[in-house]
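Undergrad: everything below, folded, please.
(chains A and B)
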Number of protein chains: 2
Amino acid sequence: MQRLAAALHSQLPSADAMLVTHPQDVRYLTGFTGSSAALVLHTGATPGRKTTKKAPPAILFTDGRYIEQARQQTKNAGVVIAQGPILREACAWMQTQHVRQCTFDVEHTTVATLDTMRASIAGKLRRGFFLPAPALTARLRETKAAEEIVRMRAAAELGCSLFERILTAIEPGKPEVEVAAQLEFAARKAGAEAMSFETIVASGARSALPHGHATSQRLPKRGFVVLDFGVMLSGYCSDMTRTVHLGRASVAERYAYDAVLEAQLAGIAAVKPGVTCGEIDEAARGVLRRAKLADFFTHSTGHGVGLEIHEGPRIAARQRQTLEPGMVITIEPGVYMPGRFGVRIEDMVLVTRKGQEILTPATKAWIEL
Amino acid sequence: MQRLAAALHSQLPSADAMLVTHPQDVRYLTGFTGSSAALVLHTGATPGRKTTKKAPPAILFTDGRYIEQARQQTKNAGVVIAQGPILREACAWMQTQHVRQCTFDVEHTTVATLDTMRASIAGKLRRGFFLPAPALTARLRETKAAEEIVRMRAAAELGCSLFERILTAIEPGKPEVEVAAQLEFAARKAGAEAMSFETIVASGARSALPHGHATSQRLPKRGFVVLDFGVMLSGYCSDMTRTVHLGRASVAERYAYDAVLEAQLAGIAAVKPGVTCGEIDEAARGVLRRAKLADFFTHSTGHGVGLEIHEGPRIAARQRQTLEPGMVITIEPGVYMPGRFGVRIEDMVLVTRKGQEILTPATKAWIEL
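TA: Got it, this is the predicted structure:
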């Protein structure tokens, strides 16, 4: 909350309050995990006056479903159970506190919500009351604190142990959805709160679909099986992909696998503070270009991950954002031959002060089952 | 798509195009299930000219990850695989088609996205190009077509069969999360694509949390277990809640259960076309008021359900929207005694021409395990 207040003060000095409504941002700042919340950070800053070290007053507004939960979970903020719409109560409170200007996050505020917020401010104050702002909390969340890395490491390691266990369950004739079911059951039994996204089990020609969610299609006697999945543990997401082969592979399949693995390793090797995200993408993409496979790598190389499965930074062509220690990103090149086969390999990678650390210890060696 | 074009023409006659980006809206209109899409409906309507019966041209813009999937799934629209950001390409296409004014959905468009859209339109056309509009597709989606009701019935029935099966797995000492895992495994094995939301298994004092996601807490020897869960089948969500009791119940627990059940039945009985959502809420809430329990019913009575778990209409106090045949809503009153216990009972209910039909056949009789 202190870092956020400092970011607000330095980037948007005219504002003396900030409204945060995106649930994962609220969770990050206060620990509250409910689905409905509006957090008002009131810095009381006046232009030209330095912010004090004292924690700025913050109030979390939520609704009656969360009376107990909000009181148990919320840190760094007072709690108000709104009787009516929570945004209206948050706006009313700001007026009692004589807030002059409040920022809101343009990435997570819909046009309709902004209209509602504006309508909640008395006419004479309304003009200029709400100041559009970039996603300041999302930017803070990109670099993880030590305790967040502990949780992400645990989530990634759980993912790896599930991968090892599911290998014995991969056999010709089994529906993709049953592989997903077994994986998810094991995840839940091991304490995962949920999967971080809809599990991808894409086999045979379906492996050429980068987002091939598990279907009732049965695993083939010969062909790739792409497994892309993640678990949520203490709120944090893991994300990993491994591609294994059932039966003997063709030369083209093995060539694609080796090229993707080489691209993935090159992407990882390029990770260190100060490098741009575009350079990471190019490190992986260049390997596939030299292997004449770049036209079949139809997505970006990776993304940040944390409380959400997709966070900043984007690891994609021409992205000029630079990596910083504490960022956790995925490196996940793939090659997709429409109607034939596909391969993807993905790890979570922590940017360290000197370089990088792979958080996903599962083997990437060729596996033929 | 025809109905949408007609709604656009009658409600916003100055617009000759509409941009749809909310994934479930895109799926509803075209069948495409990818996570990234922008659909442009170009009605070519000019003020004063009637829309023709011919299907209006529509183009679905998506990215390279979905080349194959978009071609396989998309109906009623052409497909363009964007090389750059999909919204920018959609906006460029509209300019080649001489679109003069395009509506966007204020409920699902962020302030940042609107800025991006505006920046993609040439300066001299930009002023007035984008017209804020209510969520027209969401409004259409509230009343389900016959084939949608078939799918929702199937999802609801799968939910009920899972409830019956999970009853044998509910026993003192088992962690809540393991009950959830067993339920979800059975759901997946039965073909569910996913759960419609994070499964709630809230036992003992935790049953007083209306949104008590399954934790590692073990089921008590005596106390309520609230099970609130749903499955996704062919894209459609089910949603049901049952509350069972482990061991012998106290008089207060049994009193609360009977009152919630009576409230739920009263809510259902009130469902028919032409009744306001506020009246449905009051039918349920009034029963709890007479039982002196209304203060412990801290949420609204229900919500629409379909491709998303929460859709319109909202079944809440003072809502003036009226029910129409084909709507599918939940009726789910509850009573929550902080620190002691909670009860909730929920069915999915179809509004029929003459009244209503319960889509959730599982028993609501008192169950003591």
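
Undergrad: assign a three-state SS to A:Tyr147, would you?
TA: I think there's a mix-up here, since residue A:147 is Glu and not Tyr. Three-state assignment for A:Glu147 (DSSP: H, G, I helix; E, B strand; the rest coil): helix.

Undergrad: how many residues are close by it?
TA: Other residues within reach of A:Glu147 by the criterion other C-beta atoms under 10 Å in any protein chain shown amount to 9. Any C-beta I mention is one placed from the backbone N, CA and C, and that applies to glycine too.

Undergrad: any regions of chain A where pLDDT drops low?
TA: Applying pLDDT under 70 to chain A picks out residues A:45-56.

Undergrad: ok, 80 please
TA: A:44-56 (pLDDT under 80).

Undergrad: and it, what are its domains?
TA: The record's domain split for chain A, according to automatic domain parsing, is A:2-141, A:146-358.

Undergrad: what sits against whichever residue of the stretch 251-369 of chain A sits closest to chain B?
TA: Closest approach between the stretch 251-369 of chain A and chain B, counting by C-beta to the nearest C-beta: A:Thr298, at 3.5 Å. Counting by C-beta atoms under 8 Å, 6 or more residues apart in numbering or on different chains, A:Thr298 touches A:Pro210, A:Tyr336, B:Asp63, B:Gly64, B:Arg65, B:Ile67.

Undergrad: which residue ranges form the helices in the stretch 101-250 of chain A?
TA: Taking DSSP state H, counting those that start in this stretch as the test, the helices found in the stretch 101-250 of chain A are A:111-119, A:123-126, A:136-142, A:146-166, A:176-189.

Undergrad: just give me the neighbour total for A:Lys221.
TA: When neighbours are counted by other C-beta under 10 Å, A:Lys221 registers 12.

Undergrad: how about it: what's its closest non-neighbour residue?
TA: Counting by C-beta to C-beta, 6 or more residues apart in numbering or on different chains, A:Lys221 lies nearest to A:Pro172, which is 4.5 Å off, once chain neighbours are set aside.

Undergrad: ok, the one you found touching A:Gly223?
TA: No. A:Pro172 is beyond contact range of A:Gly223, at 9.1 Å (criterion: C-beta atoms under 8 Å).

Undergrad: who's more crowded, those two?
TA: Neighbours per residue, other C-beta under 10 Å: of A:Pro172 and A:Gly223, the larger number sits with A:Gly223, 20 against 14.

Undergrad: for the more buried one, give the beta-bridge partners.
TA: Beta bridges link A:Gly223 to A:Leu246, judged by DSSP bridges.

Undergrad: who's in contact with it?
TA: Contacts for A:Gly223 (C-beta under 8 Å, 6+ apart) come out as A:Ser203, A:Gly204, A:Ala205, A:Ser207, A:His245, A:Leu246, A:Gly247, A:Phe341.

Undergrad: the helix or strand where A:Arg289 lies - contacts with which helices or strands?
TA: Using DSSP states H and E, the element containing A:Arg289 is helix A:277-290. Contacts defined by 3 or more C-beta pairs under 8 Å, 6 or more residues apart in numbering or on different chains; DSSP states H and E place helix A:277-290 against helix A:251-269, strand A:311-315, strand A:328-331.

Undergrad: looking at these, which is buried most?
TA: Comparing those by mean neighbour count (mean count of other C-beta atoms under 10 Å in any protein chain shown), strand A:328-331 comes out on top with a mean of 27.

Undergrad: so it, near chain B or not?
TA: No. Strand A:328-331 is not in contact with chain B by C-beta under 8 Å from any C-beta of the partner chain; minimum separation 14.5 Å.

Undergrad: tell me the first helix or strand C-terminal of that strand.
TA: Tracing the chain past strand A:328-331, the next element assigned as helix or strand by DSSP H and E is strand A:334-337.

Undergrad: please name the residues that touch the residue nearest to A:Leu183 when sequence neighbours are not counted.
TA: The shortest distance from A:Leu183 to any non-neighbouring residue, by C-beta to C-beta, 6+ apart, is to A:Ile166 (4.9 Å). Counting by C-beta under 8 Å, 6+ apart, A:Ile166 touches A:Val179, A:Gln182, A:Leu183, A:Ala186, A:Leu227.

Undergrad: among those, which two are most distant?
TA: The most widely separated members of the contacts of A:Ile166 are A:Ala186 and A:Leu227, with 12.7 Å between them, by C-beta to C-beta.

Undergrad: quick one: which of these two has more around it?
TA: Higher neighbour count among A:Ala186 and A:Leu227: A:Leu227, with 25 against 19, using other C-beta under 10 Å.

Undergrad: could you check how far that one is from A:Val179?
TA: Counting by C-beta to C-beta, to the nearest Å, the separation of A:Leu227 from A:Val179 is 8 Å.

Undergrad: please enumerate the shared neighbours of these two.
TA: Common neighbours of A:Leu227 and A:Val179 (C-beta under 8 Å, 6+ apart) are A:Ile166, A:Val201.

Undergrad: buried residues, the host helix or strand of A:Met348. List them.
TA: Taking DSSP H and E as the definition, A:Met348 sits inside strand A:347-351. For strand A:347-351, a neighbour-count test (16 or more other C-beta atoms under 10 Å in any protein chain shown) marks A:Asp347, A:Met348, A:Val349, A:Leu350, A:Val351 as buried.

Undergrad: give me whichever of the domains of chain A is most buried.
TA: Taking mean count of other C-beta under 10 Å, domain A:146-358 is the most buried of those, at a mean of 20.

Undergrad: how long is that one end to end?
TA: Start-to-end span of domain A:146-358 (C-alpha to C-alpha, to the nearest Å) is 16 Å.

Undergrad: check stretch A:230-237 too.
TA: Using C-alpha to C-alpha, first and last residues of stretch A:230-237 are 6 Å apart.

Undergrad: which parts of the stretch 201-350 of chain A sit against chain B?
TA: Residues of the stretch 201-350 of chain A lying near chain B by C-beta under 8 Å from any C-beta: A:Ala208, A:Leu209, A:Pro210, A:His211, A:His213, A:Ser216, A:Thr298, A:His299, A:Pro338, A:Gly339.

Undergrad: enumerate the residues of the stretch 51-200 of chain A near chain B.
TA: Contact residues (C-beta under 8 Å from any C-beta) of the stretch 51-200 of chain A with chain B: A:63-69, A:104, A:106-112, A:114-115, A:132, A:177-178, A:180-182, A:184-185, A:188-189, A:191, A:193-194, A:198.

Undergrad: what touches both of A:Pro172 and A:Gly223?
TA: Counting by C-beta under 8 Å, 6+ apart, the residues touching both A:Pro172 and A:Gly223 are A:Leu246, A:Gly247.

Undergrad: which one of the buried residues of strand A:347-351 is nearest A:Gln95?
TA: Looking across the buried residues of strand A:347-351 and measuring by C-beta to C-beta, the closest to A:Gln95 is A:Val351, at 42.6 Å.

Undergrad: grab the nearest non-local neighbour of the closest one.
TA: Of all residues not flanking A:Val351 in the chain, A:Met327 sits nearest, at 4.3 Å (C-beta to C-beta, 6+ apart).

Undergrad: contacting residues around the residue nearest to A:Gln101 when sequence neighbours are not counted?
TA: Leaving aside its sequence neighbours, A:Gln101 sits nearest to A:Ala15 (C-beta to C-beta, 6+ apart; 4.7 Å). Contact analysis of A:Ala15 by C-beta under 8 Å, 6+ apart lists A:Leu8, A:Thr43, A:Ala45, A:Gln101, A:Cys102, A:Thr103, A:Leu131, A:Ala133.
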